[in-house]
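Q: Have a look at this prediction, sequence included:
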Amino acid sequence: MLDSDDTPITMPLEQEWTEIRESVAKICEEYPNDYWMKLDAESEYPTAFVNALTEAGFLSSLIPEEYGGTGLPISAAGAILETIHSSGCNAAACHAQMYTMGTLLRHGSEEQKQKYLPGIATGELRMQAFGVTEPTTGSDTTQLKTRADRDGDHYVINGQKVWTSRALQSDLMLLLARTTPADQVKRRSDGLSTFLVDMREAKGNGMEIRKLDAAINHNTTEIFYDNLRIPADSLIGEEGRGFRYILDGMNAERILIAHESLGDAKYFIKRATDYANERVVFGAPIGKNQGIQFPIASSYAEMCAAELMIQKAAAMFDAGRDCGPEANMCKMLAADAAWHAAEGCMQVFGGFAFAREYGIERKWRETRLYQTAPISTNMILAYLGQHVLGMPRSY
Ligand SMILES: Cc1cc2nc3c(=O)[nH]c(=O)nc-3n(C[C@H](O)[C@H](O)[C@H](O)COP(=O)(O)OP(=O)(O)OC[C@H]3O[C@@H](n4cnc5c(N)ncnc54)[C@H](O)[C@@H]3O)c2cc1C
């Protein structure tokens, strides 16, 4: 098939990476709903689950072989995340490593790559934290206020981030901070820089992490930076170009998160269909009623359409093509399909949907996140309206 730059890309019609999907599903069987329910109640990190995936090599799938990973295409990493979600598990504890690593891979120096990537590949180093969002600026990322001021061989960090997930479980973090004041830059996107912060040295030395009490177990935190000194060689790429480096990793992030939503949609549709067939009320399976059957069928159609857009975005990404619109659209369509399937499933299960032991309400809460993070649906629509369709900017 062809698109604007006319280089042919190939999209699979059948499901790919069957062996990977089977192996991941086997690991997931060891972590049933009871495991997640207990962690959810205690807001604990799924260490055993993450270790099992790491040991099997699944979390290093996008790291090139020369740095100790398996160097697979994004569709393989997507198949891993999708299977985790369709099995009723949750990949949020470990997905960030797959895309934050890309920023280091594409823009880091050879020395930085040699120093960190092999450790990330073996699991010896966890790079799960990503510090972008701030409490006062939110989606308006280019206006963020956390500062990184050069002082000899160091940068000194001051400011505050919110929703930095997995900070307490990470050794390394990608941090976006301002190196030139906002009123001194030519373009809004200038003056921000990306740093690879070694959190093992930073925690307690100018970096204070506080757990956030959230509606889902996402191990998320707020972080206060008070004169944190980091070595100048923590800078990734060139000073002032950090926003572009972060944006550059976002297509991968969108495609991978879309796979998670696709997995969620598959989970809800399977659970809803099974229950609709087996639950008998008024002398017949409830699935006989169109009020039960049609929402499931409708979610199935939405899910299949989202899957096609994901496959297109992944194929373009792997071919090195610009896939901003496709990556954003597939994230939005898959998140919507998953949310509609979740709502449908809640209804199909009636009162039992609220019983925690069924796992439905936990997945329903977790699925809702993808309407808001890592990018909200409104911001995707604004991107399509303004950058793809050429309508006026709202910001
Ligand atoms: C559980 C969880 C985990 C997270 N993990 C991380 C993480 O690890 N690292 C990180 O950096 N961030 C993380 N985030 C933050 C997440 O990316 C932000 O919450 C999200 O980008 C939205 O920002 P905000 O919450 O400040 O909303 P705001 O920017 O305040 O927006 C509020 C609402 O207004 C809408 N809105 C704003 N401007 C416009 C506009 N121009 N047009 C239309 N609508 C608009 C938004 O779409 C949104 O619906 C996480 C969030 C959550 C909830």
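A: Now that the structure is in, tell me what you want to look at.
Q: show me where the stretch 151-300 of the chain has helices.
A: Taking DSSP state H, counting those that start in this stretch, the helices of the stretch 151-300 of the chain run over residues 199-202, 242-278, 290-318.
Q: So which of those helices is nearest the ligand?
A: Checking these against the ligand by CB to the nearest ligand atom gives helix 242-278 as the closest, at 9.4 Å. Every residue, glycine included, has its C-beta placed from N, CA and C.
Q: which strands and helices sit next to that closest one?
A: When contacts are defined as 3 or more CB pairs under 8 Å, 6 or more residues apart in numbering; DSSP states H and E, helix 242-278 packs onto helix 74-86, helix 96-107, strand 172-178, strand 192-198, strand 284-285, helix 290-318, helix 324-348, helix 360-368.
Q: residues touching the closest residue to the ligand within the stretch 201-350 of the chain, list them.
A: The nearest approach of the stretch 201-350 of the chain to the ligand comes at H218, 4.1 Å away (CB to the nearest ligand atom). Applying CB atoms under 8 Å, 6 or more residues apart in numbering to H218 gives the contacts A92, S165, L369.
Q: before we move on, the earlier item: generate CSV for the helices and strands packed on helix 242-278, with mean pLDDT as supplementary columns.
A: Shown next, in CSV, are these (pLDDT from 0 to 100):
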stretch, mean pLDDT
helix 74-86, 98
helix 96-107, 91
strand 172-178, 98
strand 192-198, 98
strand 284-285, 98
helix 290-318, 97
helix 324-348, 98
helix 360-368, 98
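Q: Reformat these as TSV; add mean neighbour count and distance to the ligand.
A: Converted to TSV, the helices and strands packed on helix 242-278 look like this (neighbours: other CB atoms under 10 Å; distance: least, CB to the nearest ligand atom, whole Å):
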stretch	mean neighbour count	distance to the ligand
helix 74-86	26	16
helix 96-107	23	7
strand 172-178	25	8
strand 192-198	24	12
strand 284-285	13	37
helix 290-318	19	20
helix 324-348	24	12
helix 360-368	21	9
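Q: Relative to G249, which of these is closest?
A: helix 96-107 (4.6 Å; CB to CB).
Q: returning to what we had before: of all the contacts of H218, which comes closest to the ligand?
A: Nearest to the ligand, judged by CB to the nearest ligand atom, of the contacts of H218 is S165 at 3.5 Å.
Q: shouldn't that closest one be in contact with T220?
A: Yes - assessed by CB atoms under 8 Å, S165 is found in contact with T220 at 4.2 Å.
Q: So between the two, which is more surrounded?
A: S165 (24 against 21; other CB atoms under 10 Å).
Q: Can you read off the pLDDT for the more buried one?
A: Reading off the confidence values, S165 has pLDDT 97.
Q: Same check on M207?
A: Reported pLDDT for M207: 98.
Q: Which residues does it form beta bridges with?
A: Listed by DSSP bridges, the beta-bridge partners for M207 are K203, Y225.
Q: for it, what are its contacts?
A: I157, V197, M199, I223, F224, Y225, L228.
Q: Helix or strand next in line after the lowest-mean-pLDDT helix or strand in the chain, which one?
A: Sorted by mean pLDDT, DSSP states H and E, the helices and strands of the chain end with helix 96-107, the least confident at a mean of 91. Next in sequence after helix 96-107, counting helices and strands by DSSP states H and E, comes helix 110-122.
Q: Now the element after that following helix, going C-ward?
A: strand 129-131.
Q: Let's have the helices of the stretch 151-300 of the chain in CSV, adding distance to E361.
A: Shown next, in CSV, are those (distance: least, CB to CB, whole Å):
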stretch, distance to E361
helix 199-202, 33
helix 242-278, 12
helix 290-318, 17
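Q: Type out the PyMOL command that picks the buried ones from the contacts of M207.
A: Burial among the contacts of M207 is assessed by 16 or more other CB atoms under 10 Å; the matching PyMOL selection reads:
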select buried, resi 157+197+199+223+225+228
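Q: With distance to K288 as added columns, please give the contacts of M207 in CSV.
A: Converted to CSV, those look like this (distance: CB to CB, whole Å):
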residue, distance to K288
I157, 61
V197, 57
M199, 55
I223, 53
F224, 57
Y225, 59
L228, 62
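Q: distance of Y45 from the ligand?
A: 14 Å (CB to the nearest ligand atom, to the nearest Å).
Q: Kindly list the main-chain dihedrals of that residue?
A: The phi/psi pair for Y45 (degrees, to the nearest 10) reads phi -80, psi 140.
Q: tally of neighbours for it?
A: Neighbours of Y45 (other CB under 10 Å): 18.
Q: got a list of what the nearest residue to F58 once chain neighbours are set aside touches?
A: Using CB to CB, 6 or more residues apart in numbering and skipping the chain neighbours, the partner closest in space to F58 is I80 (5.0 Å). Applying CB under 8 Å, 6+ apart, we find I80 in contact with I20, V24, L53, F58, S61, A91.
Q: Quick check: closest non-adjacent residue to the second one.
A: By that I understand V24. Computed as CB to CB, 6+ apart, the closest residue to V24 that is not its neighbour in sequence is T83, at 4.1 Å.
Q: R21 is in contact with that neighbour, correct?
A: Yes - in this structure, T83 is within contact of R21 by CB under 8 Å, at 4.8 Å.
Q: Outline the domain layout of the protein.
A: 18-122, 129-242, 244-388 (automatic domain parsing).
Q: Against which helices or strands is the least confident helix or strand of the chain packed?
A: helix 110-122, strand 129-131, strand 172-178, strand 192-198, strand 235-236, helix 242-278.
Q: Show me what the second one is packed up against.
A: To tie it back to what came earlier, the one meant is strand 129-131. In terms of contacts (3+ CB pairs under 8 Å, 6+ apart), strand 129-131 is packed against helix 96-107, strand 154-165, strand 172-178.
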